[in-house]
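1. structure of the sequence below:
(4 chains)
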2 protein chains.
Amino acid sequence: MAVRDVGTEQIIKDTARKVFFIEGKLHATTQDIADAAGINRTSLHYYFRSKNDLVKQVHDEAKGELTRKIKAILGSELPFREKVEKFISVFFDYVTNAPYLQSFLINEMNCKPQSEPQLFARATSTPPEIRLFLNEISQEMEKGTIMKTSPENFMINLFSLISYPIIMKPLYIDFFEQSPERYEKLMIERKEMIVNMIFNVNSVN
Amino acid sequence: MAVRDVGTEQIIKDTARKVFFIEGKLHATTQDIADAAGINRTSLHYYFRSKNDLVKQVHDEAKGELTRKIKAILGSELPFREKVEKFISVFFDYVTNAPYLQSFLINEMNCKPQSEPQLFARATSTPPEIRLFLNEISQEMEKGTIMKTSPENFMINLFSLISYPIIMKPLYIDFFEQSPERYEKLMIERKEMIVNMIFNVNSVN
DNA sequence: ACCTTTGTTGACAAAATTGTCAAACAGAAT
DNA sequence: ATTCTGTTTGACAATTTTGTCAACAAAGGT
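-> Next up, the predicted model:
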């Protein structure tokens, strides 16, 4: 047995997540992961029959965790504005710590030929927490607190403004020809800026 | 020679772009590309010594094209608001037609160990068209036409609001449990919505 | 008609990646 | 100490992906 059995299985999963979601190495090989985890590649097969199994598990868990996280905040009892602020703050940090999670999920979805043609998957509909939040959004739009659009688009804006700049960091550092430090500064500015933008604070000085 | 020589080399590149940027198959093999192009895989090696060569070319050309496109609009002589509107419209269409281009670029940048440690690459700085546009943004912020932030963050917002929802389409269709058709509708709404949002139109009915 | 050039192809070789197996190992229980 | 169990490992096999080569085909010039 290992000197200190923290659970090799868990180490492998954690490492895989790190490699995929943090380092963004979507093509990582089993050897890459084994090396990064400091274990023998065969061990990886001992715990996960195949690479696919590992990827699938990591994928599913991450996706579940992500949606749970979102639902938890958006389904909470906080007043609207606080809720949005909290969401921005928490989700911003989450994405910062796993910038490539979303890219990974997208990529997975495109490679697999769509497990089921979702014959009756269409039966399920928008989860309750989200439906609730969408309603809140509508109400706030009526009140004039926020700009009018589809509630879904309000949410999509939120996600976009938070995630995209983090995901595309390398591209924009390159494009703007800026130092990573400067970009960091810009990112820090964002949390507050997004709130202002969303709540339509007029720039009348 | 081929019956009708439209340039096999070009066909291969076009197909590779299609597979990578449109279908989002970032792991596509040379065989996949050859099949999609309707050519023998060996031909691919005839025109591009290796897979890496092909990928590199496609990558570089796409990246160049993308930045040229952006610079062309943002560096044009249009008045600010029109310029922004045009940018939204054109860039939106561009991203729609090649949703995975940006993911692809990001992925490439992460796999390669950063060609040069850019010892004196730091010498170059923000391209002139962009610098110009950033100035315009500052001026508009002074005027109060748009919200105050770092000009860079204004640009990043623009990119985010346009690109992200298109890139993440499969994920959000899944998350919202919505039909692709409905999502399409949401996307169409966006062009105008983004303009409103950017120019801070108050939602006072 | 013949040669040359360019492009295409199938067969093969090489490399990379994944998967398997049986031997070795370490601690726990007997 | 010995056996037992779950784990680790190196060696090997299978598969997948990439790269090469030499034969073949199709045009164009001579």
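2. could you chop chain A up by domain?
-> Structural domains assigned to chain A are A:1-49, A:59-199, following automatic domain parsing.
3. test my guess that residue A:166 contacts residue A:187.
-> Yes: using CB atoms under 8 Å, residue A:166 is in contact with residue A:187, at 6.9 Å. Glycine gets a C-beta too; all of them are placed from N, C-alpha and C.
4. who touches both of those two?
-> Contact criterion CB atoms under 8 Å, 6 or more residues apart in numbering or on different chains; residues shared by residue A:166 and residue A:187: residue A:96.
5. of the two, which one has the most company?
-> residue A:166 (19 against 16; other CB atoms under 10 Å in any protein chain shown).
6. contacts only, for the more buried one.
-> Contact analysis of residue A:166 by CB under 8 Å, 6+ apart lists A:92, A:95-96, A:99, A:187.
7. a markdown table for the domains of chain A, including distance to residue B:51 and mean pLDDT?
-> Below are these laid out as a markdown table (distance: least, CB to CB, whole Å; pLDDT from 0 to 100):
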| stretch | distance to residue B:51 | mean pLDDT |
| --- | --- | --- |
| domain A:1-49 | 12 | 90 |
| domain A:59-199 | 17 | 90 |
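8. export those to CSV and tack on distance to residue B:155?
-> Putting the domains of chain A into CSV (distance: least, CB to CB, whole Å) gives the following:
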stretch, distance to residue B:155
domain A:1-49, 23
domain A:59-199, 8
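9. break down chain A into its helices, ranges please.
-> Listed in chain order, the helices of chain A (DSSP state H) span A:8-17, A:30-37, A:41-47, A:51-74, A:80-97, A:101-111, A:128-143, A:151-167, A:169-176, A:180-198.
10. and the shortest one, what other elements does it pack with?
-> If I follow you right, that is helix A:41-47. With contacts defined as 3 or more CB pairs under 8 Å, 6 or more residues apart in numbering or on different chains; DSSP states H and E, the packing partners of helix A:41-47 are helix A:8-17, helix A:30-37, helix A:51-74.
11. okay, the ones you listed in JSON lines with mean neighbour count next?
-> Shown next, in JSON lines, are these (neighbours: other CB atoms under 10 Å in any protein chain shown):
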{"stretch": "helix A:8-17", "mean neighbour count": "18"}
{"stretch": "helix A:30-37", "mean neighbour count": "18"}
{"stretch": "helix A:51-74", "mean neighbour count": "16"}
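12. any idea which of those gets closest to residue A:159?
-> helix A:51-74 (8.9 Å; CB to CB).
13. by how many degrees do that closest one and helix A:128-143 diverge?
-> Orientation check (axes from the mean of the first three to the mean of the last three CA atoms, to 10 degrees): helix A:51-74 against helix A:128-143 gives 40 degrees.
14. helix A:51-74 near DNA strand D anywhere?
-> No: on the criterion CB under 7 Å from any atom of the strand, helix A:51-74 is out of touch with DNA strand D, staying 11.0 Å away.
15. tell me what that helix is packed against?
-> Judged by 3+ CB pairs under 8 Å, 6+ apart, the packing partners of helix A:51-74 are helix A:8-17, helix A:30-37, helix A:41-47, helix A:80-97, helix A:101-111, helix A:128-143.
16. try 10 Å this time
-> In terms of contacts (3 or more CB pairs under 10 Å, 6 or more residues apart in numbering or on different chains; DSSP states H and E), helix A:51-74 is packed against helix A:8-17, helix A:30-37, helix A:41-47, helix A:80-97, helix A:101-111, helix A:128-143, helix A:151-167, helix B:169-176.
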